[in-house]
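> take this sequence and fold it.
(one chain, ligands or ions: 3)
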Amino acid sequence: MSKGILLVNLGSPDSTKVEDVRTYLREFLMDKKVLDSPWIIRKTVVELFILPKRPIKSAEAYRKIWTKDGSPLIVISKILREMVQKQMDIPVSLAMRYKNPSIEVGLQELYDKGVRDILVVPLYPQYTMSSTETVADKVLEIQNKKFKDTEINFLKAFYNHPDYIKVLAESIKEKLPENYDKLLFSYHGIPERHDNKAIGAAKRTKLPIETYRNQCFETTKLVAAYLELPEDKYYTSFQSRLGRDPWIKPYTDHILEEFPEQGVKNLAICTPAFVSDCLETLEEISMEGREEFLKAGGESFTYIPCLNDRQDWVDVLVKWLKGWQNN
Ligand SMILES: C=CC1=C(C)c2cc3[nH]c(cc4nc(cc5[nH]c(cc1n2)c(C)c5CCC(=O)O)C(CCC(=O)O)=C4C)c(C)c3C=C
Ligand SMILES: [Fe+2]
Ligand SMILES: [Fe+2]
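Ligands and ions are numbered 1, 2, ... in the order given. Predicted structure coming up:
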């Protein structure tokens, strides 16, 4: 069977117009793997409490990072696809879990090229229900509706893979200032309830299911070991909180406020839950986070970019994809 690759990232609104941001947030937050309450409660919360105002604030944030070619997340993902395609002799397509290009379009593109054996690559190093699992759900739903004669497999989460750790660590090393007090690893957060579900599933099934929080700490530990960082030189925290439920801790915004009074004045920060820079890294961390830290008494703030279109990252992806292709 003819083989092909589908790279999948999260997705962005089509534009920074409030209405486009609202449509995007509706699709995103109505996903039961993101807001995991019963449909009627989710619908009420999303329509009555989130969608009237949040899109205005989010659109403003998107406007600060938007490029002439669109959302950084999409632009970078397109470049990544092109670079991977250059080194692969099978078709490589790109899709987004929310909005465009959709997973349906990505699968159709491969199908029209005669591909029937597909490796889906969720572009998330750590897996959890609101990232990797919802990509798999959507892909399988569409396969079942339209592409029943295809075989589909998924690339495993790579949060502890030595190839990934090496490129991540090297990307950090290149940007780490000589005199920094602490390197903060800030990961996208999730509600604690999501990780509790993973703990329940691990107990019930005796499968080696790792919580998202533990995976993040493992990524930090492996990068720190690679870079030979002493324990007092790095810290792990979680960003992007939404709503009133408890999310996994510690919270990045609290840490950024507390660090200066603990003597951490020169901070470097990386965001390893994201392989491409996006709203959460460029605006929430590099703009808002920087301001918060400096206001609290911090002196220097170095934002370390995501892997984006680094050649060593492309080479690692290509190595993994060729491994699958030749299997
Ligand atoms: C309940 C809410 C959310 C969960 C759970 C969640 C998990 C999660 N998200 C990412 C990756 C990204 N999220 C991004 C933006 C974003 N995330 C949420 C909410 C949850 N995410 C919202 C509402 C938004 C939109 C912006 C906003 O209004 O604040 C992005 C950036 C997208 C972009 O266009 O740049 C990414 C990427 C992961 C990996 C994850 C679980 C670990
Ligand atoms: Fe998110
Ligand atoms: Fe955010």
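
> so who does the spatially closest residue to residue 287 that is not a sequence neighbour touch?
Excluding the flanking residues, the one nearest residue 287 by C-beta to C-beta, 6 or more residues apart in numbering is residue 64, at 6.4 Å. In short, each C-beta sits where N, CA and C put it, glycine included. For residue 64, the contacting residues are 282, 283, 287, by C-beta atoms under 8 Å, 6 or more residues apart in numbering.

> quick one: pLDDT of residue 64?
Listed pLDDT for residue 64 reads 98.

> how far away is it from residue 325?
40 Å (C-beta to C-beta, to the nearest Å).

> any idea how far ligand 3 is from the residue nearest to residue 287?
Per C-beta to the ion, to the nearest Å, residue 64 is found 12 Å from ligand 3.

> wait, a strand at that residue?
No: counting by DSSP: H, G, I helix; E, B strand; the rest coil, residue 64 is not found in a strand; it is helix.

> and the stretch 51-200 of the chain, which residues reach ligand 1?
54, 58, 71, 73, 124, 128, 130, 131, 188, 190 (C-beta under 6 Å from any ligand atom).

> mind checking which of the residues you listed are in helices?
Within those, residues falling in helices by DSSP state H are 54, 58, 73.

> how about the residue nearest to the spatial centre of the chain, secondary structure?
By C-alpha atoms, centre = their mean, the mean C-alpha position of the chain lies nearest to residue 274, the distance being 3.7 Å. On the three-state scheme (three-state DSSP), residue 274 is labelled coil.

> tell me which element the nearest residue to it once chain neighbours are set aside is part of?
Spatially, and ignoring its direct neighbours in sequence, residue 274 is nearest to residue 306 (5.0 Å; C-beta to C-beta, 6+ apart). Assessed by DSSP states H and E, residue 306 sits outside every helix and strand.

> so what's residue 306 up against?
When contacts are counted by C-beta under 8 Å, 6+ apart, residue 306 touches 76, 271, 274, 275, 276, 277, 278, 281.

> nearest to ligand 1, out of these: which one, please.
residue 278 (3.1 Å; C-beta to the nearest ligand atom).

> and the strands in this protein?
With DSSP state E, the ranges of strands along the chain come out as 3-9, 92-96, 117-122, 151-154, 182-188, 234-239, 266-270, 300-303.

> can you lay out those strands as CSV showing distance to residue 161 and mean neighbour count?
What follows is the strands of the chain, written out as CSV (distance: least, C-beta to C-beta, whole Å; neighbours: other C-beta atoms under 10 Å):
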stretch, distance to residue 161, mean neighbour count
strand 3-9, 17, 25
strand 92-96, 20, 24
strand 117-122, 13, 22
strand 151-154, 15, 15
strand 182-188, 16, 25
strand 234-239, 18, 21
strand 266-270, 17, 23
strand 300-303, 24, 18
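
> dump these to CSV, plus mean pLDDT and distance to ligand 3.
Listed next are those as CSV, based on pLDDT from 0 to 100; distance: least, C-beta to the ion, whole Å:
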stretch, mean pLDDT, distance to ligand 3
strand 3-9, 98, 16
strand 92-96, 98, 17
strand 117-122, 98, 20
strand 151-154, 98, 26
strand 182-188, 98, 8
strand 234-239, 98, 7
strand 266-270, 98, 15
strand 300-303, 98, 15
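
> tell me which of the ones you listed lies nearest to residue 145.
strand 151-154 (12.9 Å; C-beta to C-beta).

> partner strands of the closest one, parallel or antiparallel?
strand 117-122 (parallel) (DSSP bridges).

> okay, the angle between the partner strand and strand 92-96?
40 degrees (axes from the mean of the first three to the mean of the last three C-alpha atoms, to 10 degrees).

> run the chain-centre distance for strand 117-122.
Mean-position distance between strand 117-122 and its chain equals 17 Å (C-alpha atoms, centre = their mean, to the nearest Å).

> how many neighbouring residues does residue 193 have?
Residues near residue 193, counting by other C-beta atoms under 10 Å, number 13.

> buried set for the worst-scoring helix or strand of the chain on mean pLDDT?
Least confident helix or strand of the chain, by mean pLDDT, DSSP states H and E, is helix 192-205 with a mean of 94. For helix 192-205, the neighbour count (16 or more other C-beta atoms under 10 Å) marks 194, 195, 197, 198 as buried.
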